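Q: sequence plus predicted model, see below.
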Amino acid sequence: MTRVSGPGPGVREVVVTDLEMTHPAQLRPGAAPRAEATFVRAGRPAPELSRFFYRAVGGDWYWLDRLDWTYDQWRAWVTAPGHELWTCWVDGVPAGYVELDRQHEGDVEVAYFGLLPEFAGLGLGGWLLTRAVERAWEVPPRVAAHVRARLARRARELSRPRLRRERLLDGVLGHPRPEPRTVAGKPLTLSSRATPSRS
């Protein structure tokens with residue numbers, strides 16, 4: 001973790017890594033989990049559920065940008081066109097989640113993804129991300145074979161187990177690990193960019 005001087009105390013550098021898929025064949029499916037799990041879509045907008053998973057999963061990852069969101073903001077997020085909330089359940093207990101966000105250009109982004117801490121180490125991460133990627137490639141519209149769908153993954157790299165998470169994401173998405181570097185402006189494919197975050 002790199003400290004940033006200038007803005008003030010408590011400011012850290014946040015590295016956001018973007019990975020991109022341009023064809024379903026790039027997917028390298030994760031192994032079957034070592035626990036019986038189900039992948040369930042929220043059939044109606046559920047702002048409380050989205051907020052719960054954001055806090056329960058993101059607590060160890062320093063997800064801070066939505067901690068002060070109001071109920072109306074959460075509702076606007078889950079009712080936005082193209083939003084999908086998928087959850088992972090083990091023994092009737094919520095274990096993790098994925099939120100997909102279809103962009104105006106037709107691209108689909110894995111906006112949020114992760115497991116609750118007590119479910120780490122069961123092989124659920126690769127399985128969950130695989131299901132999410134497969135679903136992302138199913139999301140309409142599909143105008144023609146020439147339509148270029150994109151799957152971007154953005155993860156804030158501030159946590160203790162980040163190396164294991166990075167290897168999981170890179171493995172499932174079929175990308176080699178890029179060398180971290182700071183870029184200006186729009187995130188680049190297979191790149192990392194640094195942004196300050198207050199913690």
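A: On my side now, so go ahead.
Q: so where's the protein uncertain?
A: Confidence mapping of the chain against pLDDT under 70 gives the ranges 1-17, 140-199.
Q: mind listing the strands in it by residue range?
A: For the chain, the strands defined by DSSP state E cover 11-21, 37-41, 83-90, 93-102, 108-115, 151-156, 191-198.
Q: tell me the angle the shortest one makes with strand 93-102.
A: Computed with axes from the mean of the first three to the mean of the last three Cα atoms, to 10 degrees, the direction of strand 37-41 lies at 40 degrees from that of strand 93-102.
Q: mind exporting strand 37-41 as PDB, just the C-alpha atoms?
A: Taking Å, rounded to 0.1, in the frame of the first residue of the first chain, the C-alpha atoms of strand 37-41 are listed here in PDB:
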ATOM      1  CA  ALA A  37     -24.200 -23.500  -3.200                       C
ATOM      2  CA  THR A  38     -27.000 -21.900  -5.200                       C
ATOM      3  CA  PHE A  39     -26.800 -18.900  -7.500                       C
ATOM      4  CA  VAL A  40     -30.100 -16.900  -7.200                       C
ATOM      5  CA  ARG A  41     -31.200 -13.700  -8.900                       C
END
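Q: that strand pairs with which strands, and in what direction?
A: strand 83-90 (antiparallel) (DSSP bridges).
Q: G123 contacts C88, doesn't it?
A: No: the pair G123 / C88 is not scored as a contact, 11.7 Å apart, by Cβ atoms under 8 Å. C-beta coordinates here come from the backbone N, C-alpha and C atoms, glycine included.
Q: more neighbours, those two?
A: A direct count of neighbours by other Cβ atoms under 10 Å for G123 and C88 places C88 higher, at 27 against 17.
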